[in-house]
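Q: The sequence and its predicted three-dimensional model are supplied below.
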Amino acid sequence: MDKHVPAPVLWLTVFVLFLAVGNGAPVWPDGPYGSLVAVAKLIPVDKSLVVRGSVALVWPRPNMGNASVALNLTGALNQITMAHIRLNATGAPIRLDLLPRYPNTAPVPLNPPLNFRGTLGFTVPFDYLRVGAWDPDNDHMNFIQLLQKGLLYVSVQTVSLPRGALRGRLECKPPCMFSIGGGAAHPGK
């Protein structure tokens, strides 16, 4: 029996895999008309970790309901202490808590830490008041402006990697503003 794979079959396999992976363009989640939508691909900081993840943020237009962030992880990760959205990648202020949810804006890690193998997913609702509470000026518009500039990151922290075991920059779907009618408007203006 010949164990050699014919070249056309090999090229066809590579082509099919390329199409399956896609061109790296984000897959945007569905949201109500006019919503702000952003996604992040979570990458492990330590390459020995066998875990990856994704985040989807959907923020409907004002007075159209609460927003949510969905975080999904696949693989294995031990001793997760918290997950949140930060300004820039590391050591910067928290802009929104995801896990655990705090009664105020003082971050407190999970105790005991969370371990998982397989898949882990959760969705966290939020509103402009929750986002504003984490802002130094108590202004949710600052969060939206940071999102528009590509300065917000999602971080999943562990006991051994307190600055983030997984990180990913939130990429906002253009035009990255609430759409109203046939045009678009900057939120809150």
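A: Yep, it's here. As the structure is a prediction and not an experimental result, all values here were calculated from the model. Residues are numbered from 1 along each chain as shown.
Q: Could you count how many residues lie near L152?
A: Other residues lying near L152 total 25 when counted by other Cβ atoms under 10 Å. For the C-beta atoms, the positions are set from N, CA and C on the backbone; glycine is no exception.
Q: So what sits opposite it in the bridge?
A: Each beta-bridge partner of L152 is listed here: L87, as defined by DSSP bridges.
Q: Wait, it touches F143, no?
A: Yes. At 7.4 Å, L152 counts as touching F143 under the criterion of Cβ atoms under 8 Å.
Q: Quickly list what's touching both of the two.
A: Residues touching both L152 and F143 by Cβ atoms under 8 Å, 6 or more residues apart in numbering: R95.
Q: Leaving out the residues flanking it, which one is nearest to I180?
A: In space, and not counting its chain neighbours, I180 is closest to G34: 6.1 Å by Cβ to Cβ, 6 or more residues apart in numbering.
Q: ok, how many other residues are close to Y33?
A: Under the neighbour criterion other Cβ under 10 Å, Y33 is assigned a count of 11.
Q: doesn't G65 make contact with it?
A: No. Checked against Cβ under 8 Å, the pair Y33 and G65 is beyond contact range at 11.7 Å.
Q: which residues of the chain fall in helices?
A: With helices called from DSSP state H, the chain shows them at 7-21, 128-133, 140-148.
Q: what mean pLDDT would you report for the longest one?
A: Model confidence over helix 7-21, given as mean pLDDT, is 33.
Q: go on, stretch 107-124?
A: Mean pLDDT, stretch 107-124: 94.
Q: which residues touch P109?
A: Residues near P109 by Cβ under 8 Å, 6+ apart: T81, M82, P100, Q157.
Q: for I43, that is, sorry about that
A: Applying Cβ under 8 Å, 6+ apart, the residues contacting I43 are R52, L166, R167, G168.
Q: in the chain, which spans are strands?
A: With DSSP state E as the criterion, the chain has strands at 36-44, 51-59, 67-87, 94-99, 114-126, 152-158, 166-169, 171-172, 179-180, 183-184.
Q: Buried residues in the fifth one, which are they?
A: It refers to strand 114-126. L114, L120, V124, F126 (16 or more other Cβ atoms under 10 Å).
Q: Run the angle between that strand and helix 140-148 for me.
A: With axes from the mean of the first three to the mean of the last three Cα atoms, to 10 degrees applied, the angle from strand 114-126 to helix 140-148 works out at 120 degrees.
Q: Walk me through which strands strand 114-126 pairs with, and which way each runs.
A: When sheet partners are counted by DSSP bridges, strand 114-126 sits next to strand 67-87 (antiparallel).
Q: got it, and the first one?
A: Within its sheet, strand 36-44 is paired with strand 51-59 (antiparallel), strand 166-169 (antiparallel), strand 171-172 (antiparallel), according to DSSP bridges.
Q: Nearest to the middle of the protein, which residue? Look it up for me.
A: Nearest to the mean C-alpha position of the chain, counting by Cα atoms, centre = their mean, stands V55 at 3.0 Å.
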